[in-house]
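>>> Generate a structure from the sequence data that follows.
(3 chains, ligands or ions: 3)
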Amino acid sequence: MTGYDLVVVGGGPAGVAGALSAAQAGLRVALVDAGPRLGGQYFRHRAGSLPSGRGADRFVRQCRALRTRAELLLDHKVWAVEQGEDSVTVHVMAGQEERPFTLACRSLLIATGAHDRPLPFPGWDLPGVLTAGGAQALLKGEGVPAGRRVVVSGTGPFLLPVAAGLAKAGVSVAGVFEANGPLGLARHPLLAAGKAGEALGYGAALAGHRVPYRTRHAVVAAHGSSRVTHVTVARLDAEWRVLSSRTVECDAVAVGYGFVPQIDLAVQLGCATTHSADGSPVVDVDEGQRTSVASVYAAGEPTGVGGAELAELEGRTAGLTIAHDLASGEGGDPVPGVLRRRGERLRAFARALQEAYPVQPGWQDWLHDDTLVCRCEEVPVSRIREAMDLGATDARSIKLLARPGMGWCQGRICGYAVSCLAGERPQAPRRPIAQPITLGCLERIEDEQPH
Amino acid sequence: MSFEITVDGRPVPVVQGQSVGAALHAAGITSWRSTRREGRPRGLFCGIGVCFDCLVTVNGRESQRACLVPASPGDEVTTS
Amino acid sequence: MSDVIVIGAGVVGAACAYYAAAAGLDVTVLDRGPVAGGTTGAGEGNVLVSDKEPGPELDLALLSNRLWRELAEHGGFEYEPKGGLVVAETGEVQRQLVELAGKQGVEHTVVPDTELHGYEPHLADGLAGGVFYPQDAQVQPMLAAARLLRHGADSFGHGALRLRTGVTVTGFVRSGERVTGVRTDHGDILADAVVNAAGTWGGQVAALAGVELPILPRRGFILVTEPLREPLIRHKVYTAAYVTNVASDSADLETSAVVEGTPAGSVLIGASRERVGFDRTTSIPVLRRLAAQATALFPVLRNRRVIRSYCGFRPYCPDHLPVIGPDPRAPGLLHACGHEGAGIGLAPATGHLLAQLLSGERTALDLAPFSPGRFA
Ligand SMILES: Cc1cc2nc3c(=O)[nH]c(=O)nc-3n(C[C@H](O)[C@H](O)[C@H](O)COP(=O)(O)OP(=O)(O)OC[C@H]3O[C@@H](n4cnc5c(N)ncnc54)[C@H](O)[C@@H]3O)c2cc1C
Ligand SMILES: Cc1cc2nc3c(=O)[nH]c(=O)nc-3n(C[C@H](O)[C@H](O)[C@H](O)COP(=O)(O)OP(=O)(O)OC[C@H]3O[C@@H](n4cnc5c(N)ncnc54)[C@H](O)[C@@H]3O)c2cc1C
Ligand code: FES
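Ligands and ions are numbered 1, 2, ... in the order given. The predicted structure follows:
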């Protein structure tokens, strides 16, 4: 097998920074991403254009430098990783035709980002209801607004850029409904110091477009037959129980209650996990981004949701550490103190944000008996409660009895909600197959020439 | 630059570089799949290949995530 | 105080508790985890008579087959009497299959190669023939276990059935030699009899009572495809090699294709067998072999996607027979474990026979071949 010193999975801010730092230190690096362009979520951009937003110039420079120093395998999906004797094997499917092949590497950097964390509510599976990140990706990556009149709802500071982006694109944003209280950004001492400027910027943008921003409010139901036509917006108490409600007309909804780090590959390799302040299972790493498994590193959202700036910093840290570790670990601490201190600050900030925007239990009262929790297997909440009544005491046994999480998405979308309903913290997901693979590909994996 | 693809035989315009799902959504087609049990309509949800709500058949290749597949001129998309 | 404590809320423990309650006994079922969280949660749910050599296990399977049909009438879990088709790659193997079927004395139809596609339209060309077993069935084992427990709790006037999840058995209460209850992380619980239905962990539970049961984990992987809109596969279909693999003593990896559709639309592909302890690390080479064997049987599966794989640990006994009955070394302790790859199929008969023992009736089958005493 041909070998790389480092394979990086993920071409967002973390992966690109990690790959570049390692390549600049002289390592032979390959970066794999499922998408057609570098950028990940934050720097998602349309074909033929450049990323925009804070830090975009820097990211574009990093990508240019990376192109000449590392192998870029775009439009390549990683479906499994395996620990070998003294290397890691990365199983990849290439292109639309999904040609299977494997990469061998001395170290692996997992920089696979996160996906949205939605909560179910009546009508959440109506067309036109998108995740907040989904609406953002559609706009940034494709130039397509989610609708003409859009409602943005959920919790967390991410709702602001989503709404501001839509408003700027000429969409009528019927309102931003933040389920948590107003103390969020501005009044939190740490948060106020950190990013109030950015938040104020979005706030001003929204005000300029006369977009109403309401705290302690959320979309608790969506209505329509083949597409959402209106939503029920409720005023909530501190536990998110409905106090009163009204109807808002719209043709699209963008909802998000935070993000779920994508840690499937790390779990496949047996990396230890822990929980972050928002309740998500995350990969446990040391100050050099080393996981508990030798030769395996993680950076960006898989180690805890913290945004693009922290992701980039963790990527750089990982790249430097990997180069250092491969050079048999001599010559002191590879990570400069300034990076380390900035990392500590950004992590504290990320943690404070997660604590300022928790998910409160009252959402469970928004559900009707027939509200689907699992969209794939069409499992209503009544069946989940029935399974619990039969002796299923955790999310896994609920899945075995009632099937939420057994379908196409393998619980990526409903997993958090099912864990909440079970009254437990989400467990690290076991997904030995991180991307669906045809049996025809699977039976050929070792016959294909290594890259 | 733009071109057309067909969706169940109907022409749909695409801007170069767009995914099949984005082109459909932009054309006002927000649902193109119905669920197995209850026949509920589905289209884009997560937008990044995670939810599998947006599945389509592209040029005979089944179960493709419309939000991930880039559209190419003349693509024949069928839905279920 | 209960009449009986059952350790383990898998399908075997559930069946034991159900039949004991039906016989008028008060039963408490304990499990350290949730209901069906052990190997039952990894099983495919085949209720097979086709893969058993003539002998005590086949007798148990036939009894169980009938009992599953009865239990299914209560409803609440999927039960599909869809039949199993064993196929032969060569004429010689077909001859052996037909011979086995004759010896089994089980209802079957010999299927010549020309009629295979009538049974399974998508089966590969070039197979030499097969044998169809109409009694082979499939249940959803997790839901079946949970429903049996619930049905047992709801139905019987005399016996009461209680399920306590999240309770770990850590030892036994003894009165002299006799087992009179269990020690748990939630305190002691007393009973006249204790049933060890701890599946793959049955040996560990037995050890708590100072007796040895040689039960070892035999790992198996399953591939699960995307849900298909059209049912491509009608029966449970497997190759003759499966029968020899099941009966093998080797610790090494063995695989043979077992392919079947499910009511949920997914196709399940098994089965591998290897003894590697409780190692959950996914083995890609095993997944690859399963894929190759499944597509060799059903080429149409090549462009279907696998969305999931999982593994479980069958409770393996060196002589491939379950352990059912009282332990002469620890009076008051009975075993109902070690069913290897057939515990779902064999659960009702196991529960039924054990309930007969507990209520002092004559057992419907001779339990001697399954006796724990064989390891004494
Ligand atoms: C849909 C969505 C939209 C978002 N939009 C914004 C935004 O506009 N502004 C903002 O501040 N934050 C946004 N975020 C938050 C985002 O998580 C961070 O801002 C930032 O992008 C994290 O950087 P990262 O490098 O950790 O991961 P990402 O930027 O998410 O990069 C991860 C990359 O890994 C790739 N990948 C994952 N798994 C595999 C695999 N198995 N095989 C191959 N490739 C794989 C993905 O394709 C992706 O490109 C968004 C998040 C989501 C989920
Ligand atoms: C891949 C695979 C496919 C299979 N397919 C089939 C099939 O198609 N048909 C078939 O018939 N069989 C099949 N089997 C085998 C079948 O799954 C098992 O034989 C059966 O599930 C065993 O059931 P059980 O109740 O004995 O054990 P389990 O379901 O494992 O239950 C034992 C329970 O005991 C509990 N326990 C253990 N120790 C303690 C303790 N100290 N205190 C409290 N509780 C404890 C555990 O938590 C567990 O829930 C398959 C197995 C595998 C792995
Ligand atoms: S919209 Fe979720 S996978 Fe395409």
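>>> lowest-confidence helix or strand of chain C?
Using mean pLDDT, DSSP states H and E, helix C:241-247 stands out as the lowest-scoring helix or strand of chain C, at a mean of 72.
>>> following the helix or strand harbouring A:Thr102, which helix or strand comes up?
Element membership of A:Thr102, judged by DSSP states H and E, is strand A:99-110. Moving toward the C-terminus from strand A:99-110, the next helix or strand (DSSP H and E) is strand A:114-116.
>>> after that next one comes which helix or strand?
strand A:129-131.
>>> and the helix or strand following that following strand, does that touch ligand 1?
Moving toward the C-terminus from strand A:129-131, the next helix or strand (DSSP H and E) is helix A:132-142. Yes - counting by Cβ under 6 Å from any ligand atom, ligand 1 is contacted by helix A:132-142 at A:133-134, A:136-137. Backbone N, C-alpha and C define where each C-beta goes, glycine included.
>>> So which bits of the stretch 251-400 of chain A are right by ligand 1?
A:259, A:262, A:300-301, A:307-308, A:311.
>>> Provide a list of residues in contact with residue 31.
Because you didn't say which chain, this covers chain A. Contacts for A:Leu31 (Cβ atoms under 8 Å, 6 or more residues apart in numbering or on different chains) come out as A:7-8, A:10-11, A:15-16, A:19, A:38, A:66, A:70-73.
>>> please go with chain B instead
A:127, A:226-227, B:41-43.
>>> what number of residues lie near residue 59?
This is for chain A. 26 (other Cβ atoms under 10 Å in any protein chain shown).
>>> other chain: chain B
Around B:Asn59 there are 14 residues (other Cβ under 10 Å).
>>> Surely it touches B:Ala71?
No - here B:Asn59 does not reach B:Ala71: they are 10.9 Å apart, not a contact under Cβ atoms under 8 Å.
>>> Only alpha carbons, please: show stretch A:383-393 as PDB.
Output in PDB follows, covering the C-alpha atoms of stretch A:383-393 (Å, rounded to 0.1, in the frame of the first residue of the first chain):
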ATOM      1  CA  ARG A 383     -44.600   4.300  19.900                       C
ATOM      2  CA  ILE A 384     -41.500   5.500  21.700                       C
ATOM      3  CA  ARG A 385     -43.500   5.900  24.900                       C
ATOM      4  CA  GLU A 386     -44.900   2.500  24.400                       C
ATOM      5  CA  ALA A 387     -41.500   1.000  24.100                       C
ATOM      6  CA  MET A 388     -40.400   2.700  27.300                       C
ATOM      7  CA  ASP A 389     -43.500   1.300  29.000                       C
ATOM      8  CA  LEU A 390     -42.400  -2.200  27.800                       C
ATOM      9  CA  GLY A 391     -39.100  -1.900  29.600                       C
ATOM     10  CA  ALA A 392     -36.900   0.000  27.100                       C
ATOM     11  CA  THR A 393     -34.900   2.200  29.500                       C
END
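>>> for whatever residue of the stretch 101-250 of chain C ends up closest to ligand 1, phi and psi?
Nearest residue of the stretch 101-250 of chain C to ligand 1 (Cβ to the nearest ligand atom) works out as C:Glu226 at 17.3 Å. The phi and psi torsions at C:Glu226 (degrees, to the nearest 10) take the values phi -50, psi 150.
>>> again, but for A:Ala207
Torsion angles, degrees, to the nearest 10, at A:Ala207: phi -60, psi -40.
>>> need the strands for chain B, in chain order.
B:2-7, B:10-15, B:33-34, B:41-42, B:55-58, B:61-65, B:76-78 (DSSP state E).
>>> got a markdown table for those, with mean neighbour count and distance to ligand 1 too?
What follows is the strands of chain B, written out as a markdown table (neighbours: other Cβ atoms under 10 Å in any protein chain shown; distance: least, Cβ to the nearest ligand atom, whole Å):
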| stretch | mean neighbour count | distance to ligand 1 |
| --- | --- | --- |
| strand B:2-7 | 16 | 23 |
| strand B:10-15 | 16 | 20 |
| strand B:33-34 | 16 | 20 |
| strand B:41-42 | 20 | 18 |
| strand B:55-58 | 20 | 18 |
| strand B:61-65 | 19 | 12 |
| strand B:76-78 | 17 | 22 |
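>>> before we move on, the earlier item: near chain B too, which of the residues of helix A:132-142 next to ligand 1?
Restricting the residues of helix A:132-142 next to ligand 1 to those near chain B by Cβ under 8 Å from any Cβ of the partner chain leaves A:133-134, A:136-137.
>>> Which of those residues sits closest to C:Phe278?
Using Cβ to Cβ, A:Gly133 comes nearest to C:Phe278 of those, at 38.0 Å.
>>> gap between the closest one and B:Phe45?
Here A:Gly133 is placed at a distance of 10 Å from B:Phe45 (Cβ to Cβ, to the nearest Å).
>>> One more: C:Thr184?
45 Å.
>>> Looking only at neighbour counts, state which of the two leads.
The residue with more neighbours, out of C:Thr184 and B:Phe45, is B:Phe45; 26 against 18, by other Cβ under 10 Å.
>>> can you pull the pLDDT of that one?
As predicted, B:Phe45 sits at a pLDDT of 98.
>>> show me the contacts for it.
Here B:Phe45 is in contact with A:125, A:129-131, A:134, A:375, A:413, B:51, B:53-54 (Cβ under 8 Å, 6+ apart).
>>> Would you format the strands of chain B as JSON lines with distance to ligand 2 and mean pLDDT included?
Shown next, in JSON lines, are these (distance: least, Cβ to the nearest ligand atom, whole Å; pLDDT from 0 to 100):
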{"stretch": "strand B:2-7", "distance to ligand 2": "41", "mean pLDDT": "95"}
{"stretch": "strand B:10-15", "distance to ligand 2": "45", "mean pLDDT": "96"}
{"stretch": "strand B:33-34", "distance to ligand 2": "32", "mean pLDDT": "94"}
{"stretch": "strand B:41-42", "distance to ligand 2": "32", "mean pLDDT": "97"}
{"stretch": "strand B:55-58", "distance to ligand 2": "28", "mean pLDDT": "96"}
{"stretch": "strand B:61-65", "distance to ligand 2": "25", "mean pLDDT": "94"}
{"stretch": "strand B:76-78", "distance to ligand 2": "36", "mean pLDDT": "97"}
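>>> Reformat those strands into a markdown table and put distance to C:Asn303 next to each item.
A markdown table is the format used below for the strands of chain B (distance: least, Cβ to Cβ, whole Å):
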| stretch | distance to C:Asn303 |
| --- | --- |
| strand B:2-7 | 21 |
| strand B:10-15 | 25 |
| strand B:33-34 | 18 |
| strand B:41-42 | 22 |
| strand B:55-58 | 11 |
| strand B:61-65 | 7 |
| strand B:76-78 | 15 |
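>>> closest one to ligand 3 among those?
strand B:61-65 (4.4 Å).
>>> could you dump the closest one to CSV, C-alpha only?
The C-alpha trace of strand B:61-65 is given here as CSV (Å, rounded to 0.1, in the frame of the first residue of the first chain):
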residue,chain,number,x,y,z
ARG,B,61,-28.5,5.4,-10.0
GLU,B,62,-30.8,4.9,-7.1
SER,B,63,-30.9,6.5,-3.6
GLN,B,64,-28.8,9.5,-4.3
ARG,B,65,-28.9,12.4,-1.9
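>>> quick one: strands adjacent to that strand?
With DSSP bridges as the test, strand B:61-65 is paired with strand B:55-58 (antiparallel).
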